[in-house]
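# starting from these lines, generate the structure:
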Amino acid sequence: MKNDKLHNIKSTGFKTPDNYFENFEVTLLEQLKENKLIKDIDTSGFSVPDTYFDTFETNIITKLSETNKPVIVFKRSSKLYYISGIAASCVLFFGLVFSQQKAVDIDAIDTVAIESYLYQEDYSNDDLASLFQTNEISDTDFIDVNISEETLNQYLESIDTEDFILD
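Purely as a prediction, here's the structure:
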């Protein structure tokens, strides 16, 4: 049989006679009795002494009273829970009250730190210009700026001349 036709098979190939499972137990037991494989099915095979259940309760009580083991009492730890809860709330309260830090002002931050941060973040001029509002900047702020010749010379020496060449 080819593997590609296996999905077309509808039956398993096994057949059972009609009403086989309806009387299976009866026929099995009859065959076992005929072959003498089982002797007496009516009993379970377990036996109990005659007065076992009459003396069962007294036997248990005597065995329990004979064993005198010390009873270990566990201390209740509810007091420990209350004390630890109060201590934790006190630590939390004092931690929140006494650890208030002062607010960080722009004056407290070093200018060099701000410049290096802006330099590392690679902001464009448009990004920086969007941070300023137009009512804060006026033309007169830039007109009255005095730059010393030393500062201008240092700036021109630090810049590469190839940056000024336009394509």
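# any buried residues in stretch 75-90, and which?
Under the neighbour-count criterion of 16 or more other CB atoms under 10 Å, stretch 75-90 has nothing buried. C-beta coordinates here come from the backbone N, C-alpha and C atoms, glycine included.
# distance from the chain centre to that stretch, please.
29 Å (CA atoms, centre = their mean, to the nearest Å).
# let me see the ranges of the helices in the chain.
24-34, 52-66, 78-98, 111-121, 125-131, 140-143, 149-158 (DSSP state H).
# can I get these in JSON lines including mean pLDDT?
Formatted as JSON lines, the helices of the chain follow (pLDDT from 0 to 100):
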{"stretch": "helix 24-34", "mean pLDDT": "79"}
{"stretch": "helix 52-66", "mean pLDDT": "84"}
{"stretch": "helix 78-98", "mean pLDDT": "87"}
{"stretch": "helix 111-121", "mean pLDDT": "78"}
{"stretch": "helix 125-131", "mean pLDDT": "75"}
{"stretch": "helix 140-143", "mean pLDDT": "70"}
{"stretch": "helix 149-158", "mean pLDDT": "86"}
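# could you dump the ones you listed into a markdown table with distance to residue 10 added?
Converted to a markdown table, those look like this (distance: least, CB to CB, whole Å):
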| stretch | distance to residue 10 |
| --- | --- |
| helix 24-34 | 26 |
| helix 52-66 | 59 |
| helix 78-98 | 69 |
| helix 111-121 | 72 |
| helix 125-131 | 73 |
| helix 140-143 | 93 |
| helix 149-158 | 90 |
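# for residue 156, what are its contacts?
By CB atoms under 8 Å, 6 or more residues apart in numbering, no residues touch residue 156.
# state the distance from it to residue 162.
With distances taken as CB to CB, to the nearest Å, residue 156 is found 13 Å from residue 162.
# and residue 68, how far from residue 74?
20 Å.
# no, scratch that, I was asking about residue 81
From residue 81 to residue 74 the distance is 14 Å (CB to CB).
# same question for residue 57.
31 Å.
# so between the two, which is more surrounded?
residue 57 (9 against 5; other CB atoms under 10 Å).
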